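Visitor: curious how this folds, go ahead:
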Amino acid sequence: MKPAYKKLEFGSFAEIEVYKAFSSLIGSDETIEREKFMFAGGTRGYYADIVLPHGCKRLKMPPKTIVEIKGTLLFDTIHRYLEMYKTNKTDWGVSAFCIVYINSHVPDEFIAKYDNKDFRIISLNEILCSSDTNADTVEEFHEEWEDERDNLITKARDKFSIGKNTLFLGAGVSIDAGLPTWDELLKKMLHKYKRRKHNIGRGDYKRVEKVCAGSSIITARYIRTGLGVSTSDKEFDNMIHSILYKKVNQSQLINEITNMVVSNKVESVVTYNYDDLIEIELSKKGVPNFSVFGGNRALYGELPVYHVHGIVTMDAKSGIYSTPVLSEEDYHNIYKEAFHWSNIEQLHALDRTTCFFIGFSMSDPNLRRLLEISQSKGDGGKNHYVFLRRSNFSNDSNRDMENLTILKNMMNDLGLNVIWFKDFNELPQLLKRIY
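Guide: Predicted coordinates for the structure are as follows:
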């Protein structure tokens with residue numbers, strides 16, 4: 001018999017949120033079973049995240065329903081579990097299968113094609129909208145978030161003053177300086193190669209993106225494969241440089257980030273961006289720094305700036321270059337290695353310093369995985385801080401509050417205190433209040 005599908009220990013933020021939601025919705029005569037092993041003769045078994053022996057009337061789920069929890073819904077997720085359910089439904093003795101997801105890379109119209117009475121695909125938000133118990137939390141969150149932010153900034157300032165801090169920098173930092181977003185970079189890559197005789201051409205980006213279900217990393221792989229371009233190609237290197245630094249603006253955000261470093265309270269910087277704008281600004285302010293992008297290491301007295309996805313320096317003649325992570329295979333090569341230098345440095349920072357996440361959406365699954373690993377080894381407290389924009393999820397303010405509450409709880413489970421802001425222009429001033 002083939003081995004069973006291995007499940008992670010119940011306790012990821014997705015599983016916790018879904019379990020709490022179901023707990024608030026089941027009736028007095030209904031129960032929840034977690035991590036139940038479903039054996040089928042002649043095939044490998046399967047650990048179900050949740051089984052509802054008596055169903056859930058409020059969600060119109062029949063008795064003997066399996067619930068599979070996914071942080072992110074992908075195309076292959078739907079197909080894989082549908083086939084598994086069809087094959088083993090009778091042997092397992094179940095009547096329905098439900099995938100509950102938090103984020104999705106799959107268009108709604110595609111989900112609708114598969115969603116039916118005994119194979120359901122629903123978001124956590126839909127479940128929470130059925131729960132009355134969430135209303136008080138949402139209202140409280142709506143009224144008190146600014147007061148809570150002030151309290152968190154005070155706590156963050158006290159933590160920062162101790163001096164063991166790491167700054168994590170996401171795409172929002174570079175975008176503030178006028179650099180292109182990931183999607184803009186990919187579009188311009190297509191445009192640069194439009195004269196080549198390839199199947200991908202100018203104006204095809206939306207079609208390509210749709211084929212790749214909105215995943216930028218998969219889109220990059222599609223583009224690179226279609227163009228027949230190697231990352232070792234000199235033309236490829238020059239193209240990225242010319243696109244990246246075509247328009248660079250003065251950034252108040254970068255100014256305040258580097259001022260945090262000047263305060264001498266920061267041990268290191270971890271950036272997910274390719275550019276070296278932080279290093280350039282630090283050098284202007286007299287701070288010795290060193291770009292780390294592989295086996296190289298900073299000298300004593302130099303601030304290490306870790307480029308975990310590679311680096312393309314503004315000075316093309318600097319001789320410093322590390323192939324940027326631009327495709328799915330590049331991305332997976334990093335995160336499949338538990339002892340890859342970038343994973344080790346990030347975990348080191350998470351375990352031993354107070355970390356401030358600036359310019360992130362926190363949608364990167366591997367960053368969340370590293371946070372989960374660190375959180376599982378620590379005291380379970382909220383030791384780090386993330387600055388997040390209070391984006392509108394819909395035209396319904398109540399649903400917005402519900403979504404923001406979910407997002408906040410997810411971040412808390414990862415050990416992050418959420419410092420909200422409404423507009424990116426607020427971010428530099430919020431940082432100024434901390435150092």
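Visitor: which strand or helix spans D147?
Guide: Using DSSP states H and E, D147 sits within helix 134-162.
Visitor: so where do the helices sit in the stretch 101-250 of the chain?
Guide: Taking DSSP state H, counting those that start in this stretch as the test, the helices found in the stretch 101-250 of the chain are 108-114, 124-128, 134-162, 171-176, 182-192, 205-211, 216-227, 234-244.
Visitor: export the fourth one as CSV, just CAs?
Guide: Output for helix 171-176, consisting of C-alpha atoms alone and laid out as CSV, is shown next (Å, rounded to 0.1, in the frame of the first residue of the first chain):
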residue,chain,number,x,y,z
ALA,A,171,8.2,45.8,-3.1
GLY,A,172,6.3,48.9,-1.8
VAL,A,173,9.6,50.5,-0.8
SER,A,174,11.0,50.4,-4.3
ILE,A,175,7.7,51.3,-5.9
ASP,A,176,7.7,54.5,-3.7
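Visitor: what's that helix in contact with?
Guide: By CB atoms under 8 Å, 6 or more residues apart in numbering, the residues outside helix 171-176 that reach it are 181-182, 251-254, 257, 271-275, 277-278, 358-361, 424. All C-beta spots, glycine's among them, are computed from the backbone N, C-alpha and C.
Visitor: one more time with 6 Å
Guide: Helix 171-176 is contacted from outside by 181, 251, 253, 273, 275, 359, using CB atoms under 6 Å, 6 or more residues apart in numbering.
Visitor: give me the pLDDT value at the residue lying closest to the first one once chain neighbours are set aside.
Guide: Computed as CB to CB, 6 or more residues apart in numbering, the closest residue to T181 that is not its neighbour in sequence is I175, at 5.9 Å. The predicted structure scores I175 at 94 on the pLDDT scale.
Visitor: could you do V308 as well?
Guide: For V308, the predicted pLDDT is 88.
Visitor: next up, phi/psi of it, please.
Guide: phi -70, psi -20 (degrees, to the nearest 10).
Visitor: what is the neighbour count of the closest residue in space to it that isn't next to it in sequence?
Guide: The shortest distance from V308 to any residue other than its chain neighbours is 3.9 Å, reached at S342 (CB to CB, 6+ apart). For S342, the neighbour count with other CB atoms under 10 Å is 23.
Visitor: and for D118?
Guide: The number of residues near D118, taken as other CB under 10 Å, comes to 15.
Visitor: I'd guessed it sits against A96; true?
Guide: Yes - shown here, D118 and A96 form a contact pair, counting by CB atoms under 6 Å, at 4.5 Å.
Visitor: quick revisit: name the element the residue nearest to V308 belongs to?
Guide: According to DSSP H and E, S342 maps onto helix 341-352.
Visitor: again with I50
Guide: With DSSP H and E as criterion, I50 is part of strand 46-52.
Visitor: buried sites along stretch 99-119?
Guide: 99-102, 104, 106, 111, 119 (16 or more other CB atoms under 10 Å).
Visitor: contacts for that stretch next, please.
Guide: Contacting residues not belonging to stretch 99-119 are listed as 14, 18, 67-75, 78, 82, 96-97, 121-124, 213-215 [CB under 6 Å, 6+ apart].
Visitor: take the buried residues of stretch 99-119 and keep only those in strands.
Guide: 99-102, 104, 119 (DSSP state E).
Visitor: what is the nearest of those to Y46?
Guide: Using CB to CB, I99 is the member of those that lies nearest Y46, at 13.5 Å.
Visitor: hang on, the residue nearest to V308 packs against H307?
Guide: No - between S342 and H307 there is no contact under CB under 6 Å: 8.6 Å.
Visitor: pull the most distant pair out of the ones in strands among the buried residues of stretch 99-119.
Guide: For these, the farthest-apart pair by CB to CB is I102 and F119; their separation is 19.1 Å.
Visitor: sorry, back to before: kindly export the strand holding I50 (C-alpha atoms) in CSV.
Guide: C-alpha atoms of strand 46-52 as CSV (Å, rounded to 0.1, in the frame of the first residue of the first chain):
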residue,chain,number,x,y,z
TYR,A,46,-5.6,10.7,3.3
TYR,A,47,-5.7,12.9,6.4
ALA,A,48,-8.8,15.1,6.3
ASP,A,49,-8.4,18.5,7.9
ILE,A,50,-11.9,18.4,9.2
VAL,A,51,-14.8,15.9,9.1
LEU,A,52,-18.4,16.9,9.9
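Visitor: what's next to that strand, contact-wise?
Guide: Outside of strand 46-52, the residues within contact range by CB under 6 Å, 6+ apart are 5, 7, 32-38, 61, 65-69.
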